[in-house]
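*Asks:* Just a sequence and a predicted model for now, questions to come.
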Amino acid sequence: FIPFAWASAHYGWSPAAIFWLNFLAMVPLAAILGDFTEEVAAHTNQVVGGLINATFGNAVEVVVAIQALLANEIRVVQASMIGSIFSNLLLVLGCCFFFGGLKYKEQSFNSTAATANMSLLALSSIALVLPTPFANYYEVQDEDVLAISRVAACFLIFMYLQLLVFQLRTHADLFEDEEDEEPDMPLWVALGGLVFVTLVIAKLSDYLVASIDGFCEHSGVSRTFVGLIILPIVGNAVEHMTAVSVAMKNKMDLAMGVAVGSCTQISLFVIPVTVIVGWACGKNMTLNFPHFEITLFVLSVVIVSICISNPRSNWLEGSLLITTYLMIAVGFWFEKLVSYQTSDDAAEGGGTEL
């Protein structure tokens, strides 16, 4: 499908054709990416393998977010970030638990890694709640909100760096796999393959994401729903399939590393980095998200924390997380945000509306 996917984007085919051809082209790449991820994990361990997979996936997201930020699409950046967290934390993790649970009665995972990640996600929720009392969502120029967001962003990045030191250095022995698996290829081949496949997927994702506006125009779906639900699912589809496929092979630490590890990376590194980049470039990117989204984020962290408090999973917990995601999707379908102006928009006489 890859040649057809490329042709559809370059020769002006219909948005629906571009959407489906690029999506179908990414499906076989998911299996290849999963194989390379497993090889990296065999050379290191499942937690590190999941971390590397999440890092490659989120590297593309950082570039896209910064481009949108420089184009002054602040709300688009916020929606895509919080949407990615919801999809990874609830949909992907839920699918890992559910499909893995259909094949195995119970599956176990590393409780230390899970607890560390969920604790840091709870910390990031505090950073999102902090700016709320200082200004209404529609007054994004508020100096206090900017100051709090920038200081909180620095703290979050500092905590994420500490997590890496904890996982890779001081407590690396806690994350060693119980069963040693012999790798089938050298580490440099696995990493090279991971980079190449990720770049191909990033290009196909660009084509697919660009077609979504036209694809949704006729259906009347709001840009809020597209940004929060459709874009994260479609943009991270390969990462999602990779996590589910390794969960069905009973490699739950690797699946958790891809799903929960990706959430932690987005909330403690990617979002703060966009705030810092906005600060450097004079764009008022803040952590002042809509109250409705922050509330759902905090509740999602609580639900997932309860589910993984016991380091064993089953299909019922997976079904619970998927149902939670579907309920949130219904809520976002009806979410209406009033348009607002940033200081840059005001100077240009424009605004942003979703």
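*Replies:* All right, it came through fine.
*Asks:* which residue ranges form the strands in the stretch 201-350 of the chain?
*Replies:* 312-313 (DSSP state E, counting those that start in this stretch).
*Asks:* what stretches of it score poorly on pLDDT?
*Replies:* Residue ranges of the stretch 201-350 of the chain with pLDDT under 70: 209, 212-213, 215-216, 218-223, 235, 238, 335-350.
*Asks:* Let's test this: mean pLDDT of stretch 28-41, rounded?
*Replies:* Mean pLDDT, computed over stretch 28-41, is 72.
*Asks:* Could you check how far Leu29 is from Lys251?
*Replies:* 19 Å (CB to CB, to the nearest Å). Just so you know, the C-beta spots here come from the backbone N, C-alpha and C atoms, and that holds for glycine as well.
*Asks:* Looking at these two, which has the bigger crowd around it?
*Replies:* Lys251 (26 against 20; other CB atoms under 10 Å).
*Asks:* Now the phi/psi pair for that one, please.
*Replies:* The phi and psi values for Lys251, taken as degrees, to the nearest 10, are phi -100, psi 70.
*Asks:* Quick check: the gap between it and Ala190.
*Replies:* From Lys251 to Ala190 the distance is 15 Å (CB to CB).
*Asks:* repeat for Leu33
*Replies:* For Leu33 relative to Ala190 (CB to CB), the value is 11 Å.
*Asks:* same check, this time on His291
*Replies:* Counting by CB to CB, the gap from His291 to Ala190 is 44 Å.
*Asks:* do the same with Met81
*Replies:* Taken as CB to CB, the span from Met81 to Ala190 is 29 Å.
*Asks:* Which residue is the nearest non-sequential neighbour of Val301?
*Replies:* Leu121 (5.0 Å; CB to CB, 6 or more residues apart in numbering).
*Asks:* Report the contact partners of the one you found.
*Replies:* For Leu121, the contact set (CB atoms under 8 Å, 6 or more residues apart in numbering) comprises 89, 260, 263-264, 267, 301, 304.
*Asks:* Quick one: classify it as helix, strand or coil.
*Replies:* Taking DSSP: H, G, I helix; E, B strand; the rest coil as the rule, one finds Leu121 in the helix state.
*Asks:* On the pLDDT front, check it for me.
*Replies:* Leu121 is given a pLDDT of 91.
*Asks:* How about the one 4 residues further on?
*Replies:* The score at Ser125 is 88. That number is its pLDDT.
*Asks:* what's the answer for the one 4 residues further on, then?
*Replies:* Here, the pLDDT recorded for Val129 equals 82.
*Asks:* returning to what we had before: when His291 and Ala190 are compared, which one has more neighbours?
*Replies:* Ala190 (23 against 13).
*Asks:* Tally up the residues packed near the nearest residue to the more buried one once chain neighbours are set aside, please.
*Replies:* Once flanking residues are discounted, Ala190 sits nearest to Glu39: 3.8 Å by CB to CB, 6+ apart. Neighbours of Glu39 under the rule other CB under 10 Å: 21.
*Asks:* which SSE is Glu39 in?
*Replies:* Counting by DSSP states H and E, the element that carries Glu39 is helix 15-43.
*Asks:* Report all helices and strands that that helix contacts.
*Replies:* Helices and strands touching helix 15-43, by 3 or more CB pairs under 8 Å, 6 or more residues apart in numbering; DSSP states H and E, are helix 2-10, helix 46-70, helix 187-217, helix 237-247, helix 252-265.
*Asks:* now Ala79: how far from Pro290?
*Replies:* 9 Å.
*Asks:* correction: Leu33
*Replies:* 33 Å.
*Asks:* of these two, who's got more company?
*Replies:* Leu33 (25 against 20).
*Asks:* distance of Val197 from Leu121?
*Replies:* In terms of CB to CB, Val197 sits 28 Å off from Leu121.
*Asks:* same question, Lys283
*Replies:* Distance from Lys283 to Leu121, by CB to CB: 26 Å.
*Asks:* Now do Ser300 against Tyr207, distance only.
*Replies:* Counting by CB to CB - Ser300 and Tyr207 are separated by 30 Å.
*Asks:* Repeat that for Leu194.
*Replies:* 21 Å.
*Asks:* helix or strand for the residue most central in space within the chain, which one?
*Replies:* Centrality entry for the chain: nearest residue to the mean C-alpha point is Ser84, 3.4 Å, by CA atoms, centre = their mean. Assigned by DSSP H and E, Ser84 belongs to helix 74-86.
*Asks:* before we move on, back to that, neighbour-wise, which of Leu194 and Tyr207 wins?
*Replies:* Comparing Leu194 with Tyr207 by neighbour count (other CB under 10 Å), the higher total belongs to Leu194, at 22 against 19.
*Asks:* Since that was my last question, I'll sign off now.
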